[in-house]
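[1] sequence plus the predicted model coming up.
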Amino acid sequence: MSEPGITAEHTGLHPEDHWTGDDHARFHDAAHAVVPPEDQEEPDQTLPDKSMPNHEEKKGIHSMKDLGHALKDSIKHGAHKMHDLLQVHSHLNRDDKNYYLYPELEWDAELRRNNALHLEELQFLETRRKRIAESGALAKFLGLPPDEVVHPDDVPIIGIGGSGGGYRACFGLLTVFASCKEVEMWDLISYVAGVSGSCWALGAYYTFGDRDAQNTLDHFMANSHRHPISAAAVNTVMNSPNGADFLFGPLLYKLKTGVAPVILDLYSTIVHSYMFLPLHRKEPGETHAQLKKEWFQWSKVWERSGIKAGEEPFPILTAVRHERPWRDWKSKTEPFESNNHTSKEHEEAEDAWWQWFEVTPLEIGSDELEGWVPTWSFGRKFDKGMNQMRLPEQSLAMILGLSTSAPAGPLSSYLGTIYRNLPKGPLGALMRGITKEIEHVAPHYVERFGEHHPIHACNEANPFFGAEKEPNRGQGFENSPRLHLIDAGMGNNMPTYSFIHPNRDLDVILNFDYSSDVQKDAALQRVNDMGSDKGLKFEPRAHLAELPPLPMVDQEGKLKPWTAESIEKTFEGRYAQVIDGVQMYNHGEVGIPEGFHFHSQERPGGPVLYNKRHQPQARRNVIMVYLPLLPNKVQPEYDPSSAPWSSSYNLVWTPEQIQMLEKTQKQNLTDSLETIRAVIREAYEKRKKDRLSGIKPFVPATHPPVRPASISPEDAAEHPPATSS
């Protein structure tokens with residue numbers, strides 16, 4: 001592939017998508033103004049420093065060549081690191097011809113416009129439920145009589161959800177996975193979904209964790225003592241074999257598509273290259289811990305991790321897009337005039353909402369937009385529903401960057417907390433400078449920034465670009481060449497939305513909440529906010545008294561330490577709260593609110609009801625068990641919500657701290673087990689009763705997987721696909 005200079009003129013890039021010298025210099029100056037000279041670390045040579053030649057300041061980064069020059073100048077010392085950097089581009093060229101590792105290089109992708117279930121997901125469900133029934137796992141967990149035969153149709157479909165909460169969520173959810181295996185419940189789970197920090201747990205478990213949750217926790221115990229965006233972490237990755245490929249390769253691939261990287265793309269590769277590095281173990285023959293390209297291929301976990309065979313639950317990563325009514329769009333291509341999300345138009349925007357996307361090993365898309373593309377094709381340019389180029393699958397580091405991009409979210413979610421917990425050193429100082437500058441320029445906005453994005457969310461090629469339009473659906477989104485996705489915690493800190501896909505038939509949702517406000521009774525409001533979007537009214541079965549103001553203080557205003565007795569009394573009945581999700585609308589023609597509409601699709605049950613925002617409404621009831629991470633009497637000295645190192649934005653944990661969280665989470669689950677067992681039994685008995693009564697089970701609409709048009713490498717060489725040139 002040729003290496004042209006990629007400029008705004010011939011790629012259609014928005015001028016604000018480019019890194020400019022003015023931006024770089026302003027943020028660098030702000031960073032040095034925030035961090036006093038005595039607190040500034042010696043600049044690490046693996047990160048840009050103001051004293052180094054900076055090609056960004058001359059002309060901006062518009063091509064792979066420009067980025068290469070900038071990176072070369074950023075690393076003056078260390079010949080081996082320089083050699084690795086210079087090899088990145090040649091390694092990518094080699095990957096472009098590696099059809100074994102990247103079979104998608106022979107495939108073309110197509111956008112499908114319906115909310116039918118991917119056929120392979122339905123086949124997975126059938127396989128998984130049959131496996132659960134025949135293995136005896138459900139019968140054993142429920143203590144069924146020895147002569148009771150479990151019919152596959154009676155197996156309840158259960159999903160585990162993990163909230164946002166940074167490393168607290170990541171380590172907590174991994175502990176749940178490990179504990180579920182210990183109590184023989186893991187083999188009953190069909191879906192696992194995450195928001196923000198819980199997406200780290202999913203990404204880790206299904207890749208380098210090799211489906212071993214305890215091994216994955218051990219991995220984090222070995223490397224979480226160091227901040228993933230510290231100079232030491234970047235050095236560690238650069239010193240690993242081909243480490244530069246993982247840090248910078250995804251950025252070069254993005255440039256091939258004509259989409260400009262932003263600071264959060266670099267954040268994504270730095271964080272996840274270090275996070276995935278297995279410092280606790282080396283393979284035979286290895287002298288250094290090293291990363292593997294296979295770990296960064298999310299679509300490939302479908303077979304590699306046993307999901308297709310029904311051996312593991314179906315994983316769902318989430319992200320959201322900021323949307324507003326079409327009548328308020330500022331142009332036919334963009335909902336907002338500027339990508340500066342701290343501008344006045346964002347602050348005054350009415351009726352804006354968060355549009356949910358999900359990323360599974362099979363597809364990425366949105367049920368609100370009724371659009372899905374194969375996961376291996378995400379990042380390619382699309383036009384009129386077809387990809388315009390062939391590239392290897394986008395790195396999981398970049399996808400997790402979207403799903404865990406809390407720094408790109410509203411200021412109210414991270415200003416202050418992230419500022420206090422950023423590491424020292426050049427990159428931490430740079431991001432401190434950004435937040436401090438925003439506070440300085442617009443201090444009166446800081447408390448009202450719930451709708452604003454202080455750092456530009458990542459740019460992605462929009463797979464919906466140029467696709468066919470229909471009334472009520474997508475508004476003007478098909479006109480926009482770029483897609484901006486961020487952390488789904490901005491929309492709702494639980495992944496319940498994805499469980500209520502119109503063609504998923506979940507009976508039970510086990511939602512583990514690692515939010516910082518779990519002791520403030522905010523959960524039910526959060527659940528109902530999401531439920532109102534999806535046509536469900538959530539009602540708790542037990543109405544608990546309001547919690548007292550926490551943390552508790554004595555008469556002198558000093559914090560009162562928890563005791564086993566005070567924890568037990570305060571949180572009684574709160575570790576596993578059963579909440580019924582009741583369908584708000586029937587799917588007939590009577591009693592439908594104004595502005596709601598039906599939309600046909602390939603389903604035996606008829607059309608699906610959508611609300612004014614074209615969000616599909618629930619077709620059935622569901623039971624949720626809400627499981628917050630609360631203090632436990634087994635370890636009264638640890639309060640997950642208030643321990644400073646347990647903050648959502650702290651990314652430096654010691655092994656002992658991880659073990660403390662692990663101990664509390666494990667006991668919480670143990671204490672909740674009988675409630676969970678009772679709910680699963682209830683769902684099983686209902687399905688069995690319906691089958692014996694002749695009530696037909698739900699039959700989802702399915703869509704056959706897009707069959708890639710395979711060609712030989714020889715034919716590909718003679719007829720190359722379209723490129724960014």
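    Looks like it arrived, so ask away. Since the structure is predicted, the reported quantities are computational estimates derived from the model, not experimental observations.
[2] chain neighbours aside, what residue packs nearest to Glu393?
    Trp376 (4.3 Å; Cβ to Cβ, 6 or more residues apart in numbering). From N, CA and C alone the C-beta is placed, and that goes for glycine too.
[3] how near is Asn472 to Glu368?
    For Asn472, the distance to Glu368 (Cβ to Cβ, to the nearest Å) stands at 10 Å.
[4] same deal with Ser647?
    Per Cβ to Cβ, Ser647 is found 32 Å from Glu368.
[5] more crowded one of these two?
    Neighbour count, other Cβ atoms under 10 Å: between Ser647 and Glu368, Glu368 has more, with 24 against 20.
[6] quick one, grab the pLDDT at that one.
    If you check Glu368, the pLDDT there is 94.
[7] and the one 10 residues further on, by the same measure?
    pLDDT for Phe378: 98.
[8] contacting residues for it?
    359, 364, 393-394, 399, 460, 463 (Cβ atoms under 8 Å, 6 or more residues apart in numbering).
[9] so where's the stretch 301-450 of the chain shaky on pLDDT?
    Applying pLDDT under 70 to the stretch 301-450 of the chain flags the ranges 326-350, 407-450.
[10] how about 50 then?
    For the stretch 301-450 of the chain, the stretches with pLDDT under 50 are 338-343, 346, 409-420, 434, 438-439, 441-450.
[11] same question, the chain
    Scanning the chain for pLDDT under 50 picks out the ranges 1-79, 338-343, 346, 409-420, 434, 438-439, 441-453, 705-725.
[12] mind listing the strands for the stretch 401-550 of the chain?
    459-461, 482-484, 508-513, 536-540 (DSSP state E, counting those that start in this stretch).
[13] what's the burial count for Lys469?
    Residues lying near Lys469 (other Cβ under 10 Å) number 14.
[14] I'd say it and Glu478 touch.
    Yes - using Cβ atoms under 8 Å, Lys469 is in contact with Glu478, at 5.6 Å.
[15] okay, now Gln355: neighbour count?
    21.
[16] rewinding a little: what sits against the residue nearest to Glu393?
    The contact partners of Trp376, taken as Cβ under 8 Å, 6+ apart, are 104, 107, 109, 297, 299, 393.
[17] give me every residue that touches the fifth one.
    To tie it back to what came earlier, the one meant is Ser299. 104, 361-362, 374-376, 393.
[18] let's see it at 10 Å
    By Cβ atoms under 10 Å, 6 or more residues apart in numbering, the residues touching Ser299 are 104, 359-364, 374-378, 393-394, 396.
[19] of these, which belong to strands?
    Taking DSSP state E as the definition of strands, the contacts of Ser299 contribute 359, 363-364, 374.
[20] select only the buried ones of those residues in PyMOL?
    One line in PyMOL is enough to select the buried ones among these; burial here means 16 or more other Cβ atoms under 10 Å:
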select buried, resi 359+363+364+374
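[21] let's have the ones in strands among the contacts of Ser299 in JSON lines, adding distance to Asn632.
    Listed next are those as JSON lines, based on distance: Cβ to Cβ, whole Å:
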{"residue": "Val359", "distance to Asn632": "33"}
{"residue": "Glu363", "distance to Asn632": "39"}
{"residue": "Ile364", "distance to Asn632": "37"}
{"residue": "Pro374", "distance to Asn632": "43"}
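[22] which of the ones in strands among the contacts of Ser299 lies closest to Ile567?
    Val359 (37.5 Å; Cβ to Cβ).
[23] what about Gln667, how many neighbours?
    Residues near Gln667, counting by other Cβ under 10 Å, number 16.
[24] what sits against it?
    With Cβ under 10 Å, 6+ apart, Gln667 has these contacts: 179, 575, 632-635.
[25] that older thread, among the contacts of Trp376, which pair sits farthest apart?
    Ala109 and Gln297 (15.3 Å).
[26] overlap in contacts, Asn472 and Glu368.
    Common contacts of Asn472 and Glu368 (Cβ under 10 Å, 6+ apart): 610-611, 613-614.
[27] and the gap between the residue nearest to Glu393 and Asp533?
    Distance from Trp376 to Asp533, by Cβ to Cβ: 29 Å.
[28] ok, Ser532 touching Tyr585?
    No - Ser532 sits out of contact with Tyr585 when judged by Cβ atoms under 10 Å, with a separation of 11.4 Å.
[29] and those two? Which one has more around it.
    Counted by other Cβ under 10 Å, Ser532 and Tyr585 do not tie: Tyr585 has more neighbours, with 17 against 14.
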